[in-house]
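J.: Got a predicted structure plus its sequence, pasted below:
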Amino acid sequence: MIYFYFAVIILAIIFAALRGILGPTPYDRVLALDNLTIIITAGLVVLAYFYQRYIYVDVSLIYAILSYIGVLTLARYFEGGL
């Protein structure tokens with residue numbers, strides 16, 4: 001069953017990376033970056049469940065907070081507020 005989860009996560013990473021590469025506007029690229037960070041966070045949670053090592057959940061929470069701050073910073077930059 002874990003292989004199914006990882007297959008779905010890898011497929012989602014591929015689609016998000018394609019959106020980031022082919023995105024015609026910078027906003028599409030920022031959304032793809034945000035989507036990639038959410039997928040990676042979900043992957044870390046699946047790893048924590050699979051390996052029964054809940055330190056990965058803490059790492060995923062920190063990663064989610066930092067990615068949220070990064071996306072907000074990029075959005076403010078594109079808006080012209082920085």
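T.: Structure's in. What do you need? Numbering: from 1, shown residues only.

J.: Quickly find the element holding the residue positioned nearest the centre of the chain.
T.: The chain has T37 as the residue nearest its centroid, 1.3 Å off, counting by Cα atoms, centre = their mean. Taking DSSP states H and E as the criterion, T37 maps to helix 26-51.

J.: Touching stretch 2-14 from outside, list them.
T.: With contacts defined as Cβ atoms under 8 Å, 6 or more residues apart in numbering, stretch 2-14 is touched by N35, L36, I39, I40, A42, G43, V46, F50. Just so you know, the C-beta spots here come from the backbone N, C-alpha and C atoms, and that holds for glycine as well.

J.: Does the third one touch F15 like I think?
T.: In other words, I39. No - between I39 and F15 there is no contact under Cβ atoms under 8 Å: 9.3 Å.

J.: The two: who's more crowded?
T.: When neighbours are counted by other Cβ atoms under 10 Å, I39 and F15 differ, and I39 comes out ahead with 19 against 14.

J.: show me the contacts for the more buried one.
T.: I9, A12, I13, A16.

J.: buried set for the helix or strand hosting the first one?
T.: If you go by DSSP H and E, I9 is part of helix 2-22. By neighbour count with 16 or more other Cβ atoms under 10 Å, helix 2-22 contains the buried residues I9, A12, A16, R19, G20.

J.: mind checking pLDDT for the second one?
T.: On the pLDDT scale, A12 is placed at 95.

J.: ok, so what distance separates it from F50?
T.: The gap separating A12 from F50 is 17 Å, by Cβ to Cβ, to the nearest Å.

J.: which outside residues touch stretch 46-59?
T.: With contact meaning Cβ under 8 Å, 6+ apart, stretch 46-59 is reached by I2, Y5, F6, I9, L44, V45, S60.

J.: Which one of the residues you listed is nearest to R29?
T.: Minimum distance to R29 across these is 20.6 Å, recorded for I9 (Cβ to Cβ).
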